[in-house]
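next comes the sequence, and after it the predicted model I'd like to discuss.
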Amino acid sequence: MSPKKHPQGSLLRQVCILGLFLALMIFGSLCFLFFYPGSGKPATMAQAGDSFYQGLRDFDTELLASPEEPEQLNRTLNRLEKEALGVESHLSLLKRRRLLAQQYPRFLPQYQKLAREAAAAFPFSQPLAAVAVESLLQENPSITTEIAASLRMYASRLSETTLMPVALGAYILAGDMHDPPKAVSISNKEALFSMIMPIPGMPDLTLDLMILRIFDGDIPGVTAQLNALLPRHGTTADETILRFAAEFFYDYGNPLWAAELFSLMSDEKSMIRQADALQISEHTATARNIWTMLAAPDSAAEIKARSLYNLAVTAKDQKDERAYLERFFTEILDTGTQPKSPKTAGNQLQADDPCYGYAIIRYTRLLDTPQSIAILDRERFRHNPLLDLELLRRRRETWSLERTVAETWLLLGRYPEDERLYQWGCYFFDYQKRYEETALLLKNAGYHHITGSWLDLHEGLRMVREGQLEAGEQRIEGITPQSTAWQVPANIARILEARRATVAALEYYQTAASLVREKENAARIQFRIGHCLRILGRDRESRQALEQALALNPDYLNARLELRRLDTQGIY
């Protein structure tokens with residue numbers, strides 16, 4: 001099926017747009033700030049005899065009358081600095097230092113230093129925190145880790161509506177809006193993303209706030225908010241909200257409603273997403289009708305490819321599946337994905353599209369080994385890790401084990417950071433009992449920063465093989481359960497067997513049996529169940545498990561030998 005498209009992309013889109021306006025947001029707010037009530041306003045008559053405010057008026061007069069004497073002006077501000085006591089007096093001074101620095105840039109460092117000192121002296125003053133943000137950005141054109149931390153600190157102090165643009169700009173420049181988990185931790189994010197932007201053309205941040213709520217786990221809240229925004233009874237809604245809502249409900253448990261929302265948009269990508277949603281809602285016939293329509297000759301290559309692939313996956317039999325995959329080859333791959341009409345121009349299927357590799361693999365598995373190798377070994381299919389792996393798997397039918405091991409290492413060398421290949425390599429080496437190769441592969445995976453729960457599983461198994469039963473069991477039990485991870489309970493069962501805790505081992509094997517899908521692995525699980533039942537003296541049940549293992553894999557020698565042992569004991 002087509003890969004899911006998560007709604008979080010909206011956040012990065014908004015951040016890119018917002019970045020263009022950061023300077024205007026911050027400096028515009030600062031212009032307002034210096035005329036903010038009480039922040040540097042002209043002295044009232046009640047203040048006329050106050051020496052500090054008289055000094056400010058004298059400075060203003062000197063600035064207009066003698067602008068060519070900046071040193072004298074700076075000395076006046078230095079003298080007044082000693083008389084400044086509260087927030088308003090510091091703001092009045094900073095306003096004038098900023099004016100002086102604008103005319104004489106050599107005074108800019110002093111303004112920047114004093115702005116940060118004032119913000120530190122009055123940590124609860126929002127206007128001073130906003131001034132500190134501006135001075136910090138003037139001094140540091142590049143954002144280091146230290147600067148980002150300071151921007152966050154100042155931004156966290158800002159809650160006044162007029163200063164929200166400064167806070168939002170600071171968080172964006174600190175990098176928090178590029179990382180949704182960080183954005184979720186912002187204490188005043190609701191106010192930040194709910195404000196009306198002061199600059200014409202700025203985007204509405206409603207969707208971005210919903211993204212943060214999703215990361216915060218507030219799925220019911222987002223659902224309620226979207227339902228209030230969505231069209232009802234034939235009315236229309238903004239397409240951006242409509243698409244976001246469709247993707248949200250696709251990912252969070254209401255695919256049928258998502259399909260209805262996708263149906264309100266007429267472009268081909270929305271139609272194929274509608275079909276995907278219908279498929280997972282178990283309306284396969286309707287989904288296939290849409291895919292059939294989208295597989296028309298004049299459809300864009302990407303849309304056509306996905307439609308043909310999905311038709312193959314949901315085909316009623318292997319004959320139909322092969323027919324659709326052959327169309328994929330002849331109409332998508334063998335034509336070089338060249339457009340056949342202006343409608344398809346610029347929409348060619350890319351070689352790194354997941355559909356590309358999966359379709360080739362699925363098709364070659366319907367063919368015999370020589371035919372498969374002939375296709376997979378084509379020059380145009382090289383440099384794709386999954387197709388390279390599939391080629392190796394088909395060739396190992398004629399290779400020796402030593403050759404296969406060597407080729408596996410060469411494959412990992414070509415794609416040293418592809419987690420999927422490391423995972424397959426671990427499985428292969430363990431299955432072949434080449435445990436020294438597994439240990440080396442795990443070390444290489446760590447060197448290349450490969451992560452995944454499967455690593456914990458194989459590390460745990462390595463510990464068990466080395467006699468570290470307790471440490472190995474803890475490592476494996478710590479793995480987050482997955483719906484298809486039959487290996488976890490199966491391997492815990494093996495550890496329990498080694499400890500002669502047969503009853504507990506049997507329970508884990510039965511759990512694994514309910515999860516495993518491949519017949520060969522299912523047979524191995526049934527064999528272990530039969531072995532545990534025999535140890536517990538439940539011989540008739542043991543025979544049933546062994547017979548089931550042979551039904552799954554008639555060539556399973558161990559199961560056949562175990563049955564013969566029961567026969568010689570006269571147990572039926």
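Received it, and whenever you're ready, just let me know what you need.

can you map out the helices along the stretch 51-200 of the chain?
For the stretch 51-200 of the chain, the helices defined by DSSP state H, counting those that start in this stretch cover 51-65, 70-81, 87-103, 108-121, 126-139, 145-156, 164-173, 180-184, 189-194.

okay, and for the stretch 101-250 of the chain, where does confidence drop off?
For the stretch 101-250 of the chain, the stretches with pLDDT under 70 are 140-141, 193-205, 231-237.

before we move on, the earlier item: of the helices of the stretch 51-200 of the chain, flag the one that's most buried.
helix 164-173 (a mean of 26; mean count of other C-beta atoms under 10 Å). Where C-beta positions appear, they are placed from N, C-alpha and C, glycine not excepted.

for that one, name the packing helices and strands.
If contacts are counted by 3 or more C-beta pairs under 8 Å, 6 or more residues apart in numbering; DSSP states H and E, helix 164-173 sits against helix 9-19, helix 22-33, helix 126-139, helix 145-156, helix 189-194.

repeat the analysis, applying 6 Å as the threshold.
When contacts are defined as 3 or more C-beta pairs under 6 Å, 6 or more residues apart in numbering; DSSP states H and E, helix 164-173 packs onto helix 22-33, helix 126-139, helix 145-156.

alpha carbons of the second one, as CSV, please.
By that I understand helix 126-139. The C-alpha coordinates for helix 126-139 follow below in CSV (Å, rounded to 0.1, in the frame of the first residue of the first chain):
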residue,chain,number,x,y,z
GLN,A,126,9.2,41.4,29.6
PRO,A,127,10.2,44.6,27.7
LEU,A,128,13.8,44.2,28.8
ALA,A,129,13.8,40.5,27.8
ALA,A,130,12.6,41.5,24.3
VAL,A,131,15.3,44.1,24.0
ALA,A,132,17.9,41.5,25.1
VAL,A,133,16.6,39.2,22.2
GLU,A,134,17.3,41.9,19.7
SER,A,135,20.7,42.8,21.0
LEU,A,136,21.7,39.1,21.1
LEU,A,137,20.8,38.7,17.4
GLN,A,138,22.6,41.9,16.4
GLU,A,139,25.8,40.6,18.1
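
I'd like to know which elements it is packed against.
Applying 3+ C-beta pairs under 6 Å, 6+ apart, we find helix 126-139 packed against helix 22-33, helix 108-121, helix 145-156, helix 164-173.

wait, which of these is closest to R528?
R528 sits nearest to helix 145-156 of all the helices and strands packed on helix 126-139, at 51.9 Å, using C-beta to C-beta.

what about the strands in the protein?
For the chain, applying DSSP state E gives no strands.

so where is the stretch 451-572 of the chain shaky, pLDDT-wise?
Checking the stretch 451-572 of the chain against pLDDT under 70 turns up 479-484, 569-572.

need the contact list for the closest residue to Y508 other than its chain neighbours.
Nearest residue to Y508, sequence neighbours excluded (C-beta to C-beta, 6 or more residues apart in numbering): A493, at 3.6 Å. Contact partners of A493, counting by C-beta atoms under 6 Å, 6 or more residues apart in numbering, are A505, Y508, Y509.

quick check: of those, which lies closest to F244?
The closest of those to F244 turns out to be Y508 (C-beta to C-beta; 42.7 Å).

dump the residue contacts of the closest one.
Shown in contact with Y508 (C-beta under 6 Å, 6+ apart): P489, I492, A493.

go again with 10 Å.
Residues in contact with Y508 (C-beta atoms under 10 Å, 6 or more residues apart in numbering) are 488-497, 501, 528, 532.

distance-wise, check it relative to E473.
From Y508 over to E473 the distance is 11 Å, taken as C-beta to C-beta, to the nearest Å.

quickly list what's touching both of those two.
Here Y508 and E473 have N491, I492, I495, L496 as joint contacts, going by C-beta under 10 Å, 6+ apart.

with distance to I450 and neighbour count as extra columns, can I get the residues you listed in CSV?
Below are the shared contacts of Y508 and E473 laid out as CSV (distance: C-beta to C-beta, whole Å; neighbours: other C-beta atoms under 10 Å):
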residue, distance to I450, neighbour count
N491, 20, 23
I492, 23, 24
I495, 24, 22
L496, 29, 21
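
closest to E466 among those?
Distances from E466 to these, taken by C-beta to C-beta, are shortest for I495, at 12.7 Å.

kindly tell me how buried S514 is, as a neighbour count.
For S514, the neighbour count with other C-beta atoms under 10 Å is 9.

hmm, it is touching A490, no?
No: between S514 and A490 there is no contact under C-beta atoms under 10 Å: 11.2 Å.

need the overlap of contacts for these two.
Shared contacts of S514 and A490 (C-beta under 10 Å, 6+ apart): I525.

show me where the stretch 301-450 of the chain has helices.
For the stretch 301-450 of the chain, the helices defined by DSSP H, counting those that start in this stretch occupy 301-313, 318-328, 354-364, 369-376, 385-395, 401-414, 419-431, 435-447.

what residues does the shortest one touch?
Among residues not part of helix 369-376, those counted as contacts by C-beta under 10 Å, 6+ apart are 329, 333, 360-361, 363-367, 381-382, 384, 387-395, 397-398.

show me which residues of it are buried.
For helix 369-376, the buried set under the neighbour-count rule, 16 or more other C-beta atoms under 10 Å, comprises S372, I373, I375, L376.

could you check how far E417 is from A439?
On the measure of C-beta to C-beta, E417 and A439 end up 20 Å apart.

neighbour-wise, which of those two wins?
Remark: of E417 and A439, A439 carries more neighbours, 16 against 12, as counted by other C-beta under 10 Å.

which one is that one nearest to, not counting chain neighbours?
R462 (6.0 Å).

got JSON lines for the contacts of A493, with distance to N553 too?
Below are these laid out as JSON lines (distance: C-beta to C-beta, whole Å):
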{"residue": "A505", "distance to N553": "21"}
{"residue": "Y508", "distance to N553": "21"}
{"residue": "Y509", "distance to N553": "16"}
